[in-house]
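[1] Coordinates for the following, if possible.
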Amino acid sequence: QKVSKVASNIYVARVDGSENIQYTYGENLNVHVKWSPDGKRIAFLSFRDGPPQVYVMRFHGGEAYQVTDAATGIENFQWGPDGKHIAYLMKDPKSKAEKQREKEKRDVNRVNQEFRYNHLYTTQVKNADDTTRKVQRLTQGPFHIWGFDWSPDGETIAFTHRPNPRVNSYMESDISTVPADSGSVTSLVDMAGWNGEVHYSPNGQKVAFTSCGDKKIYSGLSDAYVIPASGGTPRKLSGTPNQSVDIIGWTRAADELLVTDANRFSRHIYAVPASGEPVRQISQGKGLYGGYQLASISHENDIIGFTYLNLKKPNEVYTSSLNEFKRQRITSINQDAPKPKMGKTELITWRGPGNRKIEGLLTYPVGYEEGQQVPLILNVHGGPNAAHDRSFTGSLAQLYASQGYAVLRPNPRGSDGYGQEFRVKVNGNWGPGPLKDLMGGVDKTIEMDVAHPDSLAIMGGSYGGYMTAYAVTQTDRFAAASMRAGVSNLISMKGTTDIPTDFTNQMGGEFWKNLETYEKNSPIYHVDHVSTPTQIIHGARDKRVPTSQGREFYRALKRQDVETQMIIFPRMTHGFDEPKYLIQVVDETIDWFDEQLGRDQEASDSE
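    Model prediction:
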């Protein structure tokens, strides 16, 4: 386990917002808080002394005490219905043979062999002064568990598993059950593709889960299904407009399943009837309602808790009655924090190829005056099946806006939030099609007399980094580019990434059978057309998009005397998680854009 460099503490608030108390302090990471069934205790994961362990503390306060001593740390946990046990996932420790080989310096890496799997355990939860806890292992064998749920009667645990710990095997996820006091494993769901997020109904008669429907689809398709807890044939429930749901949980009567899903630039809460009737949207307005990790349901009084934020409001915790949805804010952690001046953000639309409406969020520079032409940053999202949304703009977009830039964040074809048909339009067409959608947005901002046509910049991370590289091979309209963790060569990427099967699906087959598609969409095969000064930023430990992807593009640009720089951040994987580095990435990007657009000289002249 890699300990986060960001501290996280626990607060407890009453559902009416009348009380908000901090329960933990210090610089540790304390996460995944869960109430005991009787509501008298809370359990959470804490990185206090090495690998994360489960700690418990009384609701009325007091010192937290440790209830697990897992050698490799806890991956996930859940209270048992009796409140006397906790089930958890732990990765297998190194074997004696592995330790001996390390000691003798014979610890070679046999690729895709000797996996260390996550398996299920239970432990007793006693008082702080009683350390005689019985630990019981429930599963073992060559499969990797990543999620589970305890049946309401406490007799069975349903769990989601895949053949091995490699992220590339997630499309082979199935669901099985095991007795909570140990016993044989029984298969429950073995459809092809993704099957996960198990949730027992309150009466224990049904199990809900998400699935892409007995086929391997790598574009985010995820509908809700139910199956009798005793086994049988899975039944697909009605789909949300976007068909990419995360499950929150069941209603008290077990007649509806509550889920969240993206809808254009927002994310909403939906009720999915178990009867198969059409889905109904519960939450209202424009913004992001907290995902399945943060949302929860109180069956006792039919209240749902969730997080909510929008372009102007930062993230806070809210509650609402399920009978009549109305947000009740119960925290002010971010709401009361001082905020700098911010530029206006608005939704703009334009038409892409085929007359398809494309949307984007345009953030104006702080202090912008109508009719003023300013430098524009085209910020491309990752994925490709991710999306820009109505997150609070007081972070990244406003940092650039505070420096005099307008920022356009478009959702081109392939983006989430617009349905399965729109998501798959990027398959085999990573570059050419989406670029037309993006450039249509750039043209729109120029027509609006916002963007200066000679002061355009482009940036993005992951797929956004790929699109940055692809764009500069196709057009010279950008005066500067910043490519972060971007793909430059789809062929070498497929051979080195930790998700090679995704690329097989996205490109319509293996590269040796479909070479034209891979080359057409790879920036490296068009690099002789680049004239845009391009900055390349990469994490040294990136397994998703290996650092070699940035190096290939950097070296090709250098050999053509295109102005470029490459910055490699030590320790960083695909997602940067050290605060100082997150700040430095923004600073480096702004400095690069200012230099290439001549803005640093303008500032110097004005002094």
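
[2] can you count the residues close to His60?
    Look at His60: counted by other CB atoms under 10 Å, it has 7 neighbours. Heads up, the C-betas are built off the backbone N, CA and C, glycines and all.

[3] Ok, the one 3 residues further on next?
    Neighbour count of Glu63, defined by other CB under 10 Å: 8.

[4] Please look at it and Met57 and confirm they touch.
    Yes - the pair Glu63 and Met57 passes the contact test of CB atoms under 8 Å, sitting 7.0 Å apart.

[5] Give me the distance from the top strand by length along the chain to the chain's centre.
    Ranked by number of residues, the top strand in the chain under DSSP state E is strand 451-461. Here strand 451-461 is found 26 Å from its chain centre; the criterion is CA atoms, centre = their mean, to the nearest Å.

[6] same question for it, mean pLDDT?
    Summarised as a single mean, pLDDT over strand 451-461 is 97.

[7] what about dumping the CA coordinates of that strand to PDB?
    C-alpha atoms of strand 451-461 as PDB (Å, rounded to 0.1, in the frame of the first residue of the first chain):
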ATOM      1  CA  ALA A 451     -10.400  33.700 -28.200                       C
ATOM      2  CA  HIS A 452      -7.600  35.400 -30.100                       C
ATOM      3  CA  PRO A 453      -7.000  33.200 -33.200                       C
ATOM      4  CA  ASP A 454      -3.200  33.700 -32.800                       C
ATOM      5  CA  SER A 455      -3.100  32.800 -29.100                       C
ATOM      6  CA  LEU A 456      -4.300  29.300 -28.900                       C
ATOM      7  CA  ALA A 457      -2.900  26.500 -26.600                       C
ATOM      8  CA  ILE A 458      -3.900  22.900 -26.100                       C
ATOM      9  CA  MET A 459      -3.300  20.600 -23.100                       C
ATOM     10  CA  GLY A 460      -4.600  17.400 -21.600                       C
ATOM     11  CA  GLY A 461      -3.700  14.300 -19.600                       C
END
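
[8] neighbouring strands for it, and are they parallel or not?
    Take DSSP bridges as the rule and strand 451-461 pairs in its sheet with strand 374-380 (parallel), strand 480-484 (parallel).

[9] what about Gln328, how many neighbours?
    For Gln328, the count of nearby residues is 14 (other CB under 10 Å).

[10] swap that for Thr131, sorry
    Counted with other CB under 10 Å, residues neighbouring Thr131 total 11.

[11] and it, which of the three is it?
    Here Thr131 is coil, with the state taken from DSSP: H, G, I helix; E, B strand; the rest coil.

[12] State the distance from Asp38 to Thr123.
    Distance from Asp38 to Thr123, counting by CB to CB, to the nearest Å: 18 Å.

[13] who has more neighbours, the two?
    Using other CB under 10 Å as the criterion, Asp38 and Thr123 rank with Thr123 on top: 20 against 10.

[14] can I assume the more buried one sits in a strand?
    Yes - assessed with three-state DSSP, Thr123 lies in a strand.

[15] Relative to Thr68, how far out is it?
    6 Å.

[16] In the protein, which residue is most central in space?
    Residue closest to the mean C-alpha point of the chain, counted by CA atoms, centre = their mean, is Ala386 at 8.8 Å.

[17] which SS class is the closest residue in space to His388 that isn't next to it in sequence?
    Closest residue to His388 apart from its sequence neighbours, by CB to CB, 6 or more residues apart in numbering: Arg409 at 4.0 Å. At Arg409 the chain is in strand, as set by three-state DSSP.

[18] count of residues packed around Arg409?
    Neighbour count for Arg409, taken as other CB under 10 Å: 26.

[19] Check it and give its pLDDT.
    What the model reports as pLDDT for Arg409 is 97.

[20] list the contacts for it?
    Residues near Arg409 by CB atoms under 8 Å, 6 or more residues apart in numbering: Gly360, Leu361, Leu362, Thr363, Asn379, His381, His388, Ala397.

[21] and those as JSON lines, adding neighbour count and pLDDT?
    Listed next are those as JSON lines, based on neighbours: other CB atoms under 10 Å; pLDDT from 0 to 100:
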{"residue": "Gly360", "neighbour count": "26", "pLDDT": "97"}
{"residue": "Leu361", "neighbour count": "22", "pLDDT": "96"}
{"residue": "Leu362", "neighbour count": "23", "pLDDT": "97"}
{"residue": "Thr363", "neighbour count": "25", "pLDDT": "96"}
{"residue": "Asn379", "neighbour count": "25", "pLDDT": "97"}
{"residue": "His381", "neighbour count": "23", "pLDDT": "96"}
{"residue": "His388", "neighbour count": "21", "pLDDT": "92"}
{"residue": "Ala397", "neighbour count": "26", "pLDDT": "89"}
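
[22] In strands, which of those appear?
    Among the contacts of Arg409, the members falling in strands (DSSP E) are Gly360, Leu361, Leu362, Thr363, Asn379.

[23] Which residue is the nearest non-sequential neighbour of Val108?
    Arg101 (7.8 Å).

[24] thinking again about what came up before, any residues in contact with both of Thr123 and Thr68?
    Both Thr123 and Thr68 are in contact with Ile86, Tyr88, where contact means CB under 8 Å, 6+ apart.

[25] re earlier: now what about the longest strand of the chain, what contacts it?
    373-382, 405-406, 408, 442, 445-446, 466-468, 471-472, 477-486, 589, 593, 596-597.

[26] quick one: Thr186 and Thr177 touch, right?
    Yes - if you go by CB under 8 Å, Thr186 and Thr177 touch, sitting 5.1 Å apart.

[27] which of those two has more neighbours?
    Neighbours were counted for Thr186 and for Thr177 using other CB under 10 Å; Thr177 has more, 25 against 13.

[28] can you tell me which residues contact that one?
    Contacts of Thr177 by CB under 8 Å, 6+ apart are Thr156, Ile157, Ala158, Phe159, Val185, Thr186, Leu188.

[29] which of the residues you listed are buried?
    Among the contacts of Thr177, those scoring as buried are Thr156, Ile157, Ala158, Phe159, Val185, Leu188 (criterion: 16 or more other CB atoms under 10 Å).

[30] Next step: those residues restricted to strands.
    Those of the buried ones among the contacts of Thr177 mapping onto strands are Thr156, Ile157, Ala158, Phe159, Leu188, per DSSP E.

[31] Out of the buried ones among the contacts of Thr177, which comes closest to Arg555?
    Using CB to CB, the shortest approach to Arg555 within the buried ones among the contacts of Thr177 belongs to Phe159, at 46.1 Å.

[32] how close does that closest one sit to Gln281?
    Distance of Phe159 to Gln281, computed by CB to CB: 31 Å.

[33] And for Leu362?
    Leu362 is 26 Å from Gln281, where distance means CB to CB.

[34] Can you show me the CA trace of the longest helix belonging to the chain as CSV?
    Secondary structure assigned by DSSP state H gives helix 579-596 as the longest helix of the chain. Written as CSV, here are the backbone C-alpha positions of helix 579-596 (Å, rounded to 0.1, in the frame of the first residue of the first chain):
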residue,chain,number,x,y,z
PRO,A,579,0.4,18.1,-3.6
LYS,A,580,3.7,19.9,-4.4
TYR,A,581,3.9,18.1,-7.7
LEU,A,582,0.2,18.9,-8.5
ILE,A,583,1.0,22.6,-8.0
GLN,A,584,4.2,22.3,-10.0
VAL,A,585,2.5,20.8,-13.0
VAL,A,586,0.2,23.8,-13.3
ASP,A,587,3.1,26.2,-12.8
GLU,A,588,5.2,24.5,-15.4
THR,A,589,2.3,24.5,-17.9
ILE,A,590,1.5,28.2,-17.4
ASP,A,591,5.2,29.1,-17.7
TRP,A,592,5.4,27.2,-21.0
PHE,A,593,2.3,28.7,-22.4
ASP,A,594,3.3,32.2,-21.4
GLU,A,595,6.7,31.8,-23.0
GLN,A,596,5.4,30.4,-26.3
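
[35] In that helix, which residues are buried?
    Neighbour counts over helix 579-596 (16+ other CB under 10 Å) mark Tyr581, Leu582, Val585, Glu588, Thr589, Ile590, Trp592, Phe593, Asp594, Glu595, Gln596 as buried.

[36] Cool, thanks, signing off.
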